[in-house]
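Enquirer: Predicted model follows, preceded by the sequence.
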Amino acid sequence: MISLRGLRFRHWLLLAAFVVAALGSAVFATRFVVQTIYWSMHREEPIEGWMPLRYVAHSHGVEPSLLFDALDLPPDRWDRRPIGDIAKAKGLPVAELRVKLEAAIADARRIDDTPPENQPTPAPEQTR
Amino acid sequence: MFFVSEYGALALFVILAVNCLGIPFPTSLIMLAAGSLVEQGEMALFAVIAGSIAGAVFGDQLGYFIGRFGGDRLARPLAARLNAGTAIARAEAFMLKWGGIGVFLTRWLLSPLGPYVNLVAGMTRYSWPSFSFWDLLGESLWVVGYVMLGVTFSRSVQSLASVLGNFTWFLVFAAATLFFGWKVIGFLRRRRVAVEVE
């Protein structure tokens, strides 16, 4: 029988360190599993201030020029400013730009998802 | 990230060197994002990898020499005055036995511990050629691994950074759990033996 009575201070300290380390392992293991599952289902990233517009476009699979348009910016290939800097330059909060970008992305999706009969009918030899 | 895409490899060099001295930066996200920029054709793969490895190794070397000279100037005289010479001798023996693998693993797998291992390696006068060899090997693995992950998952580097960050901290805590668990089992066993002898 192992009893914990009469342990020295140093031993209590080691035991406490062990418990803290085990709890930390459990917390990070859980976060890792939860995020991996979430990530495998949501590949597109929520828009954050550090992201350049081209990265947002890349992540959401839309044309970069579309997002530059949405923020009334010229579609400049070398404009690599992150959204945070664009917001500062415009004197607007990042959240407002995020809403505009999300709307632009949703619009682009809607056009892509339009049923084929509303689009010009492709020539028969091009369809399979 | 603006800094990185504007100044390229030089920015990566500076960020990684400073980070290796223990000043925290979201370096995993930066490496993954650099990989994403490579995939988008905005940065050159070779420049990203070379600049990052050079920066990381430079920062580690700085840490090692700060430990080495700081140890000789401050820690050793202080230990001598406090009669704690045996503690330093034990640390030296530990580094001699586990130094190489410790330096290697704290470059990529247990990276949050890296800056401290640099200082301890210098302080205990762990062999500089061995330190440099394991350092270069480990940092290369870390940089190439993270950049290639960034290239592969270039559309969601922020989530990936978060996932990998949690995994790294899990490994650090798991290593600590094993270490302390081993110590706890050790003293509980010694106690039982002592009780049985009585």
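Expert: Looks like it arrived, so ask away. Note that the coordinates shown come from a computational prediction; the quantities given were computed from them, not determined experimentally.
Enquirer: now the longest helix anywhere in chain A: mean pLDDT?
Expert: If each helix of chain A is counted by residues according to DSSP state H, the longest one is helix A:9-41. For helix A:9-41, the mean per-residue pLDDT is 91.
Enquirer: following that helix, which helix or strand shows up next?
Expert: From helix A:9-41 onward toward the C-terminus, using DSSP states H and E, the following helix or strand is helix A:53-60.
Enquirer: For the longest helix of chain A, what is the distance to the chain centroid?
Expert: 25 Å (CA atoms, centre = their mean, to the nearest Å).
Enquirer: tell me the SS of A:Trp78?
Expert: Secondary structure assignment for A:Trp78 (DSSP: H, G, I helix; E, B strand; the rest coil): coil.
Enquirer: Quick check: it vs chain B, distance?
Expert: To chain B, A:Trp78 is 9 Å away according to CB to the nearest CB, to the nearest Å. Every residue, glycine included, has its C-beta placed from N, CA and C.
Enquirer: Please name the residues that touch B:Gly8.
Expert: If you count contacts by CB atoms under 8 Å, 6 or more residues apart in numbering or on different chains, B:Gly8 has them with B:Met43, B:Ala47, B:Val48, B:Gly51.
Enquirer: Next: A:Asp79.
Expert: The neighbourhood of A:Asp79, defined by CB under 8 Å, 6+ apart, consists of A:Leu53, A:Phe68, A:Leu73.
Enquirer: Considering those residues, which possesses the most neighbours?
Expert: A:Leu53 (26 neighbours; other CB atoms under 10 Å in any protein chain shown).
Enquirer: how about that one, what does it touch?
Expert: Listed by CB under 8 Å, 6+ apart, the contact set of A:Leu53 reads A:Pro64, A:Leu67, A:Phe68, A:Leu71, A:Leu73, A:Asp79, A:Arg81, A:Ile83, A:Ile86, A:Leu101.
Enquirer: at 10 Å instead, please
Expert: Shown here is A:Leu53, whose contacts under the criterion CB atoms under 10 Å, 6 or more residues apart in numbering or on different chains are A:47, A:64-68, A:70-71, A:73, A:75-76, A:79-83, A:86, A:97, A:101.
Enquirer: Just the pLDDT at the residue nearest the centre of chain A, thanks.
Expert: Among the residues of chain A, the smallest C-alpha distance to the mean C-alpha position (CA atoms, centre = their mean) belongs to A:Glu45, namely 2.1 Å. According to the model's per-residue confidence, A:Glu45 sits at a pLDDT of 84.
Enquirer: My understanding was that it contacts B:Val157; is that so?
Expert: Yes. At 7.9 Å, A:Glu45 counts as touching B:Val157 under the criterion of CB atoms under 10 Å.
Enquirer: Could you tell me which residues touch both of the two?
Expert: A shared contact of A:Glu45 and B:Val157, defined by CB under 10 Å, 6+ apart, is any residue touching both; here these are A:Met51, A:Tyr55, A:His58, A:Ser59.
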